[in-house]
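[1] model the structure of this input:
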Amino acid sequence: MSELTAQRCEPCEGGVRPMGREEADRMMGQLHEDWSLTEDGLEIHRDFFFKGFNKTIGFVNAVAWIANAEGHHPDLEVGWGHCLIRFTTHAIGGLSQNDFICAAKIDALLPGN
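    Below you'll find the model as predicted:
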């Protein structure tokens, strides 16, 4: 389990710089290998796959619970058998620690993933 799962998101209303590419690259090492960092270093994303719509929606509901508990919400694309999750901190126009905390907590939903 990543150290990130023990952390809590801090409110971010802007006024701080987004995480630099080097720091984001380092943080990626604490997430499941299926997470990707965009070329511009402003977003992380991962597509999760499931057998059937009901399992997908169950996962989406768990992600929504984490997002609400942390006060940090991803962009979700939901379809039959998959959920694409994208994190960026909109208030600062790039990545923050919060994005990685939530991604790690989502990884923890699926042990051994």
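[2] settle this for me: Met19 is touching Met28, isn't it.
    No - contact criterion CB atoms under 8 Å: Met19 and Met28 do not qualify, at 10.9 Å. (Glycine included, C-beta is placed from N, CA and C.)
[3] which one of these two has more residues nearby?
    Met19 (21 against 16; other CB atoms under 10 Å).
[4] what sits against the residue lying closest to the more buried one once chain neighbours are set aside?
    Spatial nearest neighbour of Met19, chain neighbours left out: Leu95 (4.3 Å); criterion: CB to CB, 6 or more residues apart in numbering. Taking CB atoms under 8 Å, 6 or more residues apart in numbering, we find Leu95 in contact with 18-19, 24, 27, 41-44, 87-89.
[5] for this structure, what spans make up the strands?
    Secondary structure of the chain (DSSP state E): strands located at 36-37, 44-49, 75-79, 82-87.
[6] need those strands in a markdown table (columns: mean neighbour count, mean pLDDT and distance to Asn61).
    Converted to a markdown table, those look like this (neighbours: other CB atoms under 10 Å; pLDDT from 0 to 100; distance: least, CB to CB, whole Å):
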| stretch | mean neighbour count | mean pLDDT | distance to Asn61 |
| --- | --- | --- | --- |
| strand 36-37 | 16 | 98 | 24 |
| strand 44-49 | 18 | 98 | 13 |
| strand 75-79 | 12 | 97 | 11 |
| strand 82-87 | 18 | 98 | 11 |
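[7] quick one: which of those is nearest Ile101?
    Proximity to Ile101, assessed across the strands of the chain by CB to CB, is greatest for strand 82-87 (9.6 Å).
[8] residue ranges in this structure under the pLDDT threshold?
    Along the chain, segments meeting pLDDT under 70 span 1-2, 113.
[9] can we see that at 50?
    Low-confidence segments of the chain (pLDDT under 50): 1.
[10] mind listing the helices for it?
    Taking DSSP state H as the test, the helices found in the chain are 21-28, 53-70, 97-107.
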